[in-house]
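**Q** Let me see the structure of the following:
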Amino acid sequence: MRLPIERDPKCPFDPPSALRALPPMSRLEFADGHLGWLATTMEAARAVLGDPRFSARPELKHAAVRSTMPSGPGRPAPPGFFAATDPPEHTRYRRLLTGQFTLRRMRVLEPRIERITADHLDAMAAAGPPADLMSAYALPIPSMVICELLGVPYEEHDFFQDRSRQIVGAGGDVAGASADLAGYLGELVHSKRAEPGDDLISGLACELTDEELVNVAMILLVAGHETTANMLALGVFALLAEGRPYEESMDEELLRWLSVLHLGGPSRAALEDVEVAGTPVRKGETVALSLPMINRDPAVFADPDVLDPGRPETRRHLSFGHGVHQCLGQQLARIELRIGYRALFERFPGLRLAVPATEVPLKHDAAVYGVGSLPVTWT
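**A** All right, here's what the predicted structure looks like:
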């Protein structure tokens with residue numbers, strides 16, 4: 001089968017219906033004709049992500065769909081591109097970065113995140129309804145937070161948002177946007193070495209080369225705001241479209257129910273013959289993961305299609321991954337979502353969609369699923 005990516009406009013928060021009847025491991029034809037696998041259950045996903053016999057290296061993997069990645073195996077990851085490396089190389093980067101993303105350090109950021117959020121709500125209120133929640137609120141908040149964390153001047157946020165969207169979106173100039181980001185970050189790294197500050201780049205300057213620092217910063221910059229921004233906007237869309245009031249316990253359940261990483265999700269290449277969920281996977285075959293299906297696995301989640309903020313097993317979702325590559329910034333993302341959702345609905349209790357739900361543009365063919373824009377109004 002080819003991976004279906006279009007979702008029913010009447011059910012935009014559910015996985016594509018074609019995935020519903022698939023077994024835990026299904027044969028999948030990748031964009032370049034490679035015959036690999038699609039994992040759709042929690043058991044299969046954990047087996048792949050937690051097994052060192054599977055590799056994250058791009059030169060060994062195939063892309064599930066034609067998107068931002070070229071067809072066929074890619075080039076080896078450049079120094080510092082830790083998300084596309086295996087241990088022991090990955091272990092070195094992970095150890096350095098973990099200290100920058102501790103829960104304690106993320107909680108220190110909370111007052112600043114609350115201030116940034118309040119400032120954007122003030123701006124929305126001053127401009128008056130209607131508003132595009134994506135551009136006015138969901139995108140600039142995590143963008144500003146990650147810029148401050150890395151030590152990037154926020155005046156450059158439009159530049160970073162544009163380049164990041166070209167990298168993870170559909171039809172963007174991936175090579176050109178990556179080169180632009182690398183060039184700017186290279187200059188920033190030089191300035192941080194000359195005048196260190198209280199930021200992540202400065203904190204790693206003594207441990208990493210310039211090239212490593214640029215690539216570490218690029219991954220964190222793109223991943224640090226694009227996923228959170230789409231999750232924030234899509235979560236608001238879901239609550240408004242479903243007519244659900246916001247509850248504090250809703251944050252984690254929305255992460256499970258929506259699964260914004262959807263184009264095959266993370267993928268791994270088998271380094272040797274391995275059996276996954278009773279299915280033999282041969283050396284060299286790529287396994288893609290369908291996070292929307294994995295996070296609605298009925299063997300793990302009771303009534304998985306129901307949005308239930310009281311669900312006791314919610315945190316078993318894999319929206320932040322599993323194994324050695326589990327998302328470094330997950331605690332920061334959780335804090336941003338909690339503050340972003342709560343503050344928005346407290347400030348605008350009469351918030352509602354400004355257009356019918358079926359007219360909200362969805363990003364089916366982007367690596368990160370979400371809305372292109374979210375027109376809202378309020379009383």
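**Q** starting at the chain centroid, how far to stretch 364-379?
**A** Distance, stretch centre to chain centre, for stretch 364-379: 15 Å (Cα atoms, centre = their mean, to the nearest Å).
**Q** Ramachandran angles for residue 35?
**A** Torsion angles at residue 35 (phi, psi; degrees, to the nearest 10) stand at phi -100, psi 110.
**Q** what about it, how many residues close to it?
**A** The local packing of residue 35 (other Cβ atoms under 10 Å) involves 12 other residues. C-beta coordinates here come from the backbone N, C-alpha and C atoms, glycine included.
**Q** Beta-bridge partners for residue 132, please?
**A** Legend: beta-bridge partners of residue 132 under DSSP bridges are residue 375.
**Q** Could you measure from it over to residue 250?
**A** 23 Å (Cβ to Cβ, to the nearest Å).
**Q** Please look at residue 106 and residue 336 and confirm they touch.
**A** No: taking contacts as Cβ atoms under 8 Å, residue 106 lies outside contact range of residue 336: 9.5 Å.
**Q** if we look at stretch 310-328, which residues are touching it?
**A** 42, 45-46, 49-51, 56, 83, 87, 90-91, 94, 97-98, 101, 220, 223, 249, 252-253, 255-256, 259-261, 266, 289, 291, 294-295, 300-302, 308, 330, 333 (Cβ atoms under 8 Å, 6 or more residues apart in numbering).
**Q** can you do 7 Å?
**A** Defining contact as Cβ atoms under 7 Å, 6 or more residues apart in numbering, one finds that stretch 310-328 is touched by 45-46, 49-50, 56, 83, 87, 90, 94, 97, 101, 249, 252-253, 255-256, 259, 266, 291, 294-295, 300-301, 330.
**Q** Which one's more surrounded, residue 132 and residue 250?
**A** The residue with more neighbours, out of residue 132 and residue 250, is residue 250; 25 against 18, by other Cβ under 10 Å.
**Q** That one: what's its closest spatial neighbour, skipping adjacent residues?
**A** residue 309 (4.4 Å; Cβ to Cβ, 6 or more residues apart in numbering).
**Q** And the one you found, how far from residue 240?
**A** Taken as Cβ to Cβ, the span from residue 309 to residue 240 is 16 Å.
**Q** buried stuff in stretch 268-283?
**A** Residues of stretch 268-283 classed as buried: 268-271, 274, 276-277, 279, 281 (neighbour count, 16 or more other Cβ atoms under 10 Å).
**Q** for stretch 287-303, same thing?
**A** Within stretch 287-303, the residues that count as buried by 16+ other Cβ under 10 Å are 287-297, 300-301.
**Q** taking the residues you listed one by one, which sit in helices?
**A** Judged by DSSP state H, the buried residues of stretch 287-303 include 291-294 as members of helices.
**Q** closest to residue 148 among those?
**A** Using Cβ to Cβ, the shortest approach to residue 148 within those belongs to residue 291, at 28.7 Å.
**Q** How far off centre is the lowest-mean-pLDDT helix or strand in the chain?
**A** Lowest mean confidence among the helices and strands of the chain (mean pLDDT, DSSP states H and E): helix 157-168, at a mean of 73. Averaging C-alpha positions (Cα atoms, centre = their mean) puts helix 157-168 14 Å from its chain's average.
**Q** how about the helices of the stretch 51-200 of the chain, start to end?
**A** Assigned by DSSP state H, counting those that start in this stretch, the helices in the stretch 51-200 of the chain fall at 89-98, 103-108, 110-127, 133, 140-150, 157-168, 174-194, 200-204.
**Q** Which one of those helices has the poorest average confidence?
**A** Sorting the helices of the stretch 51-200 of the chain by mean pLDDT places helix 157-168 lowest, at a mean of 73.
**Q** Run through the strands of this protein in chain order.
**A** Secondary structure of the chain (DSSP state E): strands at 25-29, 35-39, 54-55, 131-132, 267-270, 274-276, 279-281, 286-289, 352-353, 375-377.
**Q** Looking at the ones you listed, spot the one closest to residue 236.
**A** Comparing those by Cβ to Cβ, strand 375-377 comes nearest, at 7.6 Å.
**Q** what helices or strands is the closest one leaning on?
**A** For strand 375-377, the helices and strands in contact under the criterion 3 or more Cβ pairs under 7 Å, 6 or more residues apart in numbering; DSSP states H and E are strand 352-353.
**Q** Just to check, the residue nearest to residue 250 is in contact with residue 248?
**A** No: if you go by Cβ atoms under 7 Å, residue 309 and residue 248 don't touch, sitting 8.3 Å apart.
**Q** out of the two, which sits in the more crowded spot?
**A** Counting neighbours by other Cβ under 10 Å for residue 309 and for residue 248 shows that residue 309 has the greater number, 17 against 9.
**Q** Identify the residues contacting that one.
**A** 247, 249-250, 253.
**Q** before we move on, the earlier item: quick check, nearest of the buried residues of stretch 287-303 to residue 176?
**A** residue 288 (26.7 Å).
**Q** which residues touch the closest one?
**A** Listed by Cβ under 7 Å, 6+ apart, the contact partners of residue 288 are 28, 36, 38, 64, 264-265, 267.
**Q** about what we covered before: which one of residue 106 and residue 336 is surrounded by more residues?
**A** residue 336 (27 against 20).
**Q** can you give me how far stretch 349-356 is from the chain middle?
**A** 26 Å.
**Q** what sits up against it?
**A** With Cβ under 7 Å, 6+ apart as the test, stretch 349-356 has contacts from 130, 240-241, 344-345, 375-379.
**Q** From residue 255, how far off is residue 164?
**A** Counting by Cβ to Cβ - residue 164 and residue 255 are separated by 20 Å.
**Q** repeat for residue 93
**A** To residue 255, residue 93 is 25 Å away according to Cβ to Cβ.
**Q** which residues sit in contact with residue 178?
**A** The neighbourhood of residue 178, defined by Cβ under 7 Å, 6+ apart, consists of residue 167.
**Q** List only those of the contacts of residue 309 flagged as buried.
**A** Counted by 16+ other Cβ under 10 Å, the contacts of residue 309 give 250, 253 as buried.
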